[in-house]
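S.K.: here is a sequence together with a model predicted from it:
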Protein chains: 2
Amino acid sequence: MANETRKAVVLLSGGIDSATTAAIARELGFELYALTFQYGQRHNIEVDAATNIAHVLQVKNHAFQLIDLRAFGGSALTASIAVPKAQNVSEISDSIPITYVPARNTIFLAFALAYAEVTGASEIFIGVNAMDYSGYPDCRPEYIDAFDHLARLATKAGVEGSTMKIRAPLIDLSKADIIRKGVSLGLDYSLTHSCYDPSPKGLACGCCDSCLYRRKGFDEAGVPDPTKYAP
Amino acid sequence: MANETRKAVVLLSGGIDSATTAAIARELGFELYALTFQYGQRHNIEVDAATNIAHVLQVKNHAFQLIDLRAFGGSALTASIAVPKAQNVSEISDSIPITYVPARNTIFLAFALAYAEVTGASEIFIGVNAMDYSGYPDCRPEYIDAFDHLARLATKAGVEGSTMKIRAPLIDLSKADIIRKGVSLGLDYSLTHSCYDPSPKGLACGCCDSCLYRRKGFDEAGVPDPTKYAP
């Protein structure tokens, strides 16, 4: 068993956080099984970004799940509510953002658990981050701990005594820390996509919450921002 | 608030357990939001059964989610492995059955959580039962407790102090107890479907694990079995 390659499922959305998480998992020596969701987004640019990142990180397999949260409604990312815009991060509301997708990380981790069980992966990597997006309940450390506990009870592997662990290596990092970490691992952030409301040609809007945190991150990290913004 | 109708999401597969669970939730006075999955089964008889049960229980809404666990493989219910057959319950293996679907209840409960959050439901009912199917890790009380804990951490409702509770009213009941309970609530079990391997016309095989537990349940409950079996 000592020389057997350890396998990990990595949730890969195509954004900075999940790409960095995947690069960290690869650096740790895991064979990667990437998992990307299409869930009623209004654009497929994120999925294309995830595909390119999976390719450069040489994942063993890249699985896709199409889920339709629109059947339940309730969020700007899945229903037809306007994405909120601002000029800088200080204008972003402190409450749970309208772009919150109900139970999203729980759904993502549940599928990741199934994928881990089938592939024999012992760990699941997720790029959640409690610093910037404190408004999302399912990005907090106590949430990740609760799912980690659940994962061992939920699976054949857990019952039979193998490991099944949820890892969130970015949980305490700022966006700037995350970008510095990715750069140190050679990650090309021009492959990533963050914007909630891109132009038809895929250019970032520069003023949704996600764009604002991304710009601030590159700025604070002292790394040139490779993002192509709409004029 | 005192007169406001309480809402519950009910996972409804079309089998005895979920139908009885839904009848219990209705008896408790909840407005029901049924949720049924189509997940790569080889037949849609279960979905038709769920639809009929939802109708007689007068659910407020019945949502469907199509999920494709076949992308991950690994189970007789979703891949092309033969369903095991036996003559009676004593022949069924004690180990985790081949019909185990990886992380199934975690995926189901994750979607139920999203649905509950969107509809404003405060409780989620699931018909898991630890007595007959002890081989499934995600049917144990400690698993349900772990998801109940997770549910409050995962959601806006939980964070903001509202309730979000997982209820598994059948967890300690035998199949016979469940059937007696359903009969006392006026539930028509001829609407339910249990067989893993029905004939093309929808008749039950009578010898898969699910049929064997069902037959034994009606027998022990002293209730005539309304199931139509293949000759």
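M.R.: Good, I have the coordinates.

S.K.: rest of the way, CA atoms for contacts and neighbours
M.R.: Will do.

S.K.: and the longest helix belonging to chain A, what does it pack onto?
M.R.: When chain A is parsed with DSSP state H, its longest helix is helix A:104-119. Judged by 3 or more Cα pairs under 8 Å, 6 or more residues apart in numbering or on different chains; DSSP states H and E, helix A:104-119 is in contact with strand A:7-11, strand A:123-125, helix B:104-119.

S.K.: nearest to B:Arg26, out of the ones you listed?
M.R.: Nearest to B:Arg26, of all the helices and strands packed on helix A:104-119, is helix B:104-119, at 16.0 Å by Cα to Cα.

S.K.: residues of stretch A:36-53 that come out buried?
M.R.: A:36-41, A:45-51, A:53 (16 or more other Cα atoms under 10 Å in any protein chain shown).

S.K.: repeat for stretch A:186-193
M.R.: Applying 16+ other Cα under 10 Å to stretch A:186-193 flags A:Leu187, A:Tyr189, A:Leu191, A:Thr192, A:His193 as buried.

S.K.: residues in contact with the third one?
M.R.: Contacts for A:Leu191 (Cα atoms under 8 Å, 6 or more residues apart in numbering or on different chains) come out as A:Gly14, A:Ala49, A:Asn52, A:Ile53.

S.K.: list of residues touching stretch A:52-66?
M.R.: Residues outside stretch A:52-66 that contact it (Cα under 8 Å, 6+ apart) are A:14, A:19, A:22-23, A:26, A:31-39, A:51, A:191-192, B:67-68, B:71.

S.K.: if we use 7 Å, what do you get?
M.R.: A:Ala19, A:Ala23, A:Glu31, A:Leu32, A:Tyr33, A:Ala34, A:Leu35, A:Thr36, A:Phe37, A:Gln38, A:Tyr39, A:Leu191 (Cα atoms under 7 Å, 6 or more residues apart in numbering or on different chains).

S.K.: tally of neighbours for A:Lys156?
M.R.: 22 (other Cα atoms under 10 Å in any protein chain shown).

S.K.: if I look at the residue nearest to it when sequence neighbours are not counted, how far off is B:Asn52?
M.R.: Spatial nearest neighbour of A:Lys156, excluding adjacent residues (Cα to Cα, 6 or more residues apart in numbering or on different chains): B:Pro137 at 6.3 Å. From B:Pro137 across to B:Asn52, the span is 29 Å (Cα to Cα, to the nearest Å).

S.K.: then A:Ala130?
M.R.: Distance from A:Ala130 to B:Asn52, by Cα to Cα: 44 Å.

S.K.: starting at the chain centroid, how far to stretch A:199-214?
M.R.: Centroid displacement of stretch A:199-214 relative to its chain, using Cα atoms, centre = their mean, to the nearest Å, is 16 Å.

S.K.: er, stretch A:16-24 actually
M.R.: The chain centroid and the centroid of stretch A:16-24 are separated by 8 Å under Cα atoms, centre = their mean.

S.K.: which residues sit against that stretch?
M.R.: Outside stretch A:16-24, the residues touching it (Cα under 7 Å, 6+ apart) are A:10-12, A:53, A:57, A:125-127, A:169, A:178, A:182, A:185, A:189, A:192.

S.K.: show me which positions of it end up buried.
M.R.: For stretch A:16-24, a neighbour-count test (16+ other Cα under 10 Å) marks A:Ile16, A:Asp17, A:Ser18, A:Ala19, A:Thr20, A:Thr21, A:Ala22, A:Ala23, A:Ile24 as buried.

S.K.: what's the angle from the helix or strand containing the fourth one to strand A:7-11?
M.R.: Same thing as A:Ala19. Element membership for A:Ala19, per DSSP states H and E: helix A:16-27. Relative orientation of helix A:16-27 and strand A:7-11, computed by axes from the mean of the first three to the mean of the last three Cα atoms, to 10 degrees: 170 degrees.

S.K.: one step back: out of the buried residues of stretch A:36-53, which are inside helices?
M.R.: In this view, the buried residues of stretch A:36-53 that belong to helices under DSSP H are A:Ile45, A:Glu46, A:Val47, A:Asp48, A:Ala49, A:Ala50, A:Thr51, A:Ile53.

S.K.: so what does the nearest residue to the fifth one once chain neighbours are set aside have for phi and psi?
M.R.: Here the nearest residue to A:Ala49 in space, its sequence neighbours aside, is A:Gly14; by Cα to Cα, 6+ apart that works out to 4.8 Å. Dihedral angles of A:Gly14 (phi, psi; degrees, to the nearest 10) stand at phi 110, psi 0.

S.K.: so how far is chain B from A:Gly14?
M.R.: 20 Å (Cα to the nearest Cα, to the nearest Å).

S.K.: ditto for A:Gly222
M.R.: 34 Å.

S.K.: give me the neighbour count for that residue.
M.R.: A count of nearby residues for A:Gly222, using other Cα under 10 Å, gives 12.

S.K.: confidence score at it?
M.R.: The score at A:Gly222 is 96. That number is its pLDDT.

S.K.: and if you look at A:Thr163?
M.R.: The per-residue pLDDT of A:Thr163 was computed as 80.

S.K.: not counting its neighbours along the chain, what's nearest it?
M.R.: Distance criterion Cα to Cα, 6+ apart; nearest residue to A:Thr163, sequence neighbours excluded, is A:Ser122 at 5.4 Å.
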